[in-house]
Each structure stands twice: as structure tokens, then as C-alpha cells.
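with the input below, show me the fold.
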Amino acid sequence: MTLDIDFVRGQFPAFQEPNLQGQAFVENAGGSYTCRQVIDRLTRYYTQRKVQPYAPYEASRLAGAEMDEARARLAAMMGVATDELSFGPSTTQNTYVLAQAFRQFLKPGEAIIVTNQDHEANTGPWRRLADEGVEVREWKIDPQTGHLDPTKLEELLDDSVRLVCVPHCSNVVGEINPVTEITALSHAAGAFVCVDGVSYAPHGLPNVGELGPDIYLFSAYKTYGPHQGMMVMRRELGTLLPNQAHYFNADSLYKRFTPAGPAHAQVAASAGMADYIEALNAHHGGPDEGAAAQAAFVHDLMRAHEVTLLQPLLDALKARNDLRLIGPDDAATRAPTVALALNRPAEPVAAQLAEHGIMAGGGDFYAVRALTAMGVNPDDGVLRLSFTHYTCKEEVAKLIAALDQVL
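Okay, here's the model as predicted:
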């Protein structure tokens, strides 16, 4: 089955906007376009439901029902229980709250493992636990390739490790890490696993139940939705960690680690992400039933399309001698998030690309530790080219041609 790119792009109003015509958007790792279904739900909420939810009057009842719908449908697609999915202001904030819970949970002398491949949001808050007497061990990337070797993780694991924090894929390296293998190794050693899925989820909503980690975090605004952080907290761990919310919410798993009041409209609009996945499934003749099965079908459609588009870009880049391609050059093993170390600062190059109709970014992208470990000066940063399934082959060709001109 081939992804119908015309149908896909028809679901995103941005592609019909006059001010965006003629431009290729390749900074999707910083935030994706929003699908029509989310925009419609957000508009409806703000115009018809903008009241305090869960009261007995009709507008309020509908407001609460739409918030509940978003959680239930997305959780089902991710293979977890409804109350194991929660919404917070951002993934960074969700991770910070989790770190505070572990600060209370861990004992001095116990250990956690972090990587230097991560975005700072999934490494900085955990590293600060060293100030509380927790031992922090670093699983280091290969300085040439950026690869995380699971055998190196095994060397770090022992019976004092309580938590392993790892990205599903890095926002600069792009390589997809073997989450199931990492989780199995960690669980066998008695450690829980926290996965940062921010850079992976936009390329196909993962089935967290099958992957197996105890925590899975990602950002809705990078997954065609509103600005929300989404977090799966599996029940076994969630009931062990200290409650971080109001004391009277301690018995509600999806509230225990989101102490701030939810952004009602944004939570409700997140159901539009599920609407979109269902629309793609139906249009392409996917399974008639089963939210997880439908999401898996769409996941595979997205990945196949992205791999097809990504390989020609990688081939063009690896043939050049004026840049360093970060991460693997095999599209099947990575997300379409491509970082390039140049022989000059990257941000001015992104500005030059903009003159050719390419919307890209340059900088360190909060991956300072990873860039430093690979010998890239964070002050120069990398040129990042990132797309998703709504990118078309003509835009990739336009990008390759623009790179030839600018570089």
C-alpha cells in the first residue's frame, strides 16, 4: 500500500495557505503543521465549549466529554489503558515533574542511567538528581556515528540501577534505538525505563504496550496536534512513585504527575489526532476495527513513505565532501531528521536556504551534549533538515537542488 500524498496534504490547511506556497517545510522536528481535524476541534471548543468542564450543564458536559475522548482514543491507539495517558504543558515540564517524583522515590546510592544522545529535556532533569545523592551513569554514544550500543548499556546495569532514560531516536542523530531490547535488558536488571519519544512519534504513533517501557513521552505539537506534552505512565510504576499533584488527586493515575491544571481546549483538540489517523486508515483500506491495529497500519504507511523519500536525500548528502552527515545513511534505520555538520556556522546557511524556498533550521537544538560528544562545536551547530509523511518527493528534490546551490 502506497501513501496517497494528495489525500494527506489535503488534511493540512497549511498547504493551501497562500503565504506558504512554493516553500518546502523541512523543520518538522521543531514542530509539525497541524491537521484540519485538530484545528476544527480546537475552534469548536473555543466557540462552543469554553467553560469549566465536567459541570452538569450541557456545554460543560460536552467539554469534559471531549477531553475524555482524546485520552481514551489515543491511549487505545498506543496500546495502553486510558488512565495511563496524561496531558501536560510540555514534554520538558512533564519530565521535570517525573524527576521530582524520582527524587523522592530513589535512595542515596541508587543509580540512574542517562545518555548523551538526548535532547536536554530528557537528560538534564535526571542528571540533577546527583545533587540528592543519586548516582548518575552516562551511556555514551559512539563519537563518530552517534550510535548507542546496547552492549555498553549492559556494562552499566547492575542491581543498584533503578531507572534508564533513553530517546526513541535523537533529534540530531536520527537513528531509531531498539526500545524493546533496551527495555528488556533494563527490566531484567530491575530498572524502570523512561523513553523520550518526541522525535519518533511524529513518524508513526508507537504502540507503547508492545514496546514495553514504563514511561513514554512525546509532544502533540510535533505530531500534527496542539501544544501539549503527552505522557504514558504504566500503572505498576505510577502507583509506586510519590504523588506530585493535589493530595485529593492521588488516586487518579492520569493526574498524579500533572500538577498543573490541564489546558482544556488543547486536550480536547488532541482527539483530532485520532480522527486524522482513523481517516488515513479508512482512506487506505486499513483494518475496520481495533484502534491499535489501525494506528499500526497508519504507522507503517507513514514510515514506508518517509523511507522512500529519505534515501535519495541521504545518498546525495553522503556523496558530498563539504559536510558531515550525522547518524546512519540507511533510511530504514532512522527517522527523517537529518543533521549536517558544516565547515561554518549552520544558522546563516539555513537563512540562505530560506531564499530558495526551504524552511530549515540551524543551531544546537538542545542536543549540546550529543554534538559535543561527536566533536561538533555547538556554537556552530548543525543544519537540520527534517520532514514527515506529508512531505512530497518534489519538496525533497527542491531541497537537494537548493543545498547544491547554497553549499
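
how about the helices in the stretch 301-407 of the chain?
Read by DSSP state H, counting those that start in this stretch, the stretch 301-407 of the chain holds these helices, from start to end of the chain: 346-354, 368-373, 393-406.

pLDDT value on the closest residue to residue 228 other than its chain neighbours, please?
Spatial nearest neighbour of residue 228, chain neighbours left out: residue 220 (4.2 Å); criterion: Cβ to Cβ, 6 or more residues apart in numbering. All C-beta spots, glycine's among them, are computed from the backbone N, C-alpha and C. Per-residue confidence at residue 220 stands at 98 (pLDDT).

for burial, what's the neighbour tally of residue 220?
Using other Cβ atoms under 10 Å, the number of residues around residue 220 comes to 28.

and it, what does it touch?
Residues counted as contacts of residue 220 (Cβ atoms under 8 Å, 6 or more residues apart in numbering) are 87, 226-230, 266, 270, 273.

let's see it at 6 Å
Applying Cβ atoms under 6 Å, 6 or more residues apart in numbering to residue 220 gives the contacts 226, 228, 230, 270.

which of these has the most neighbours?
Greatest neighbour count in the contacts of residue 220, by other Cβ under 10 Å, goes to residue 270: 30 neighbours.

so it sits against residue 225, correct?
Yes - the pair residue 270 and residue 225 qualifies as a contact (Cβ atoms under 6 Å) at a distance of 5.3 Å.

picking up where we left off before, tell me which of the helices of the stretch 301-407 of the chain lies nearest to residue 239.
Ranking these by their distance to residue 239 (criterion: Cβ to Cβ) puts helix 368-373 first, at 32.4 Å.

buried ones in the closest one?
Taking 16 or more other Cβ atoms under 10 Å as the basis for neighbour counts, the residues of helix 368-373 that come out buried are 368-371, 373.

alpha carbons of that helix, as PDB, please.
Output in PDB follows, covering the C-alpha atoms of helix 368-373 (Å, rounded to 0.1, in the frame of the first residue of the first chain):
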ATOM      1  CA  VAL A 368      24.500  20.200  23.100                       C
ATOM      2  CA  ARG A 369      25.800  17.000  24.800                       C
ATOM      3  CA  ALA A 370      25.400  14.900  21.700                       C
ATOM      4  CA  LEU A 371      27.000  17.400  19.400                       C
ATOM      5  CA  THR A 372      29.900  17.900  21.800                       C
ATOM      6  CA  ALA A 373      30.500  14.200  22.100                       C
END
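
pull the number of nearby residues for residue 59.
Residue crowding around residue 59 was assessed by other Cβ under 10 Å; the count is 13.

give the contact list for residue 271.
If you count contacts by Cβ under 6 Å, 6+ apart, then residue 271 has 69-70, 73 around it.

just the helices of the stretch 301-407 of the chain: most buried one?
Mean neighbour count, computed with mean count of other Cβ atoms under 10 Å, is highest for helix 368-373 among the helices of the stretch 301-407 of the chain, reaching a mean of 21.

for residue 192, grab phi and psi.
Its backbone dihedrals place residue 192 at phi -80, psi 160, with angles given as degrees, to the nearest 10.

identify the bridge partners of it.
According to DSSP bridges, the residues that bridge with residue 192 are residue 163.

can you give me the strands for the stretch 151-300 of the chain?
Along the stretch 151-300 of the chain, the stretches classed as strands by DSSP state E, counting those that start in this stretch are 161-167, 192-196, 215-219, 229-233.

could I get those as JSON lines with distance to residue 209?
Output for the strands of the stretch 151-300 of the chain, formatted as JSON lines (distance: least, Cβ to Cβ, whole Å):
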{"stretch": "strand 161-167", "distance to residue 209": "18"}
{"stretch": "strand 192-196", "distance to residue 209": "13"}
{"stretch": "strand 215-219", "distance to residue 209": "10"}
{"stretch": "strand 229-233", "distance to residue 209": "9"}
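
closest to residue 32 out of the ones you listed?
Proximity to residue 32, assessed across the strands of the stretch 151-300 of the chain by Cβ to Cβ, is greatest for strand 215-219 (9.4 Å).

that's all I had, so thanks and see you.
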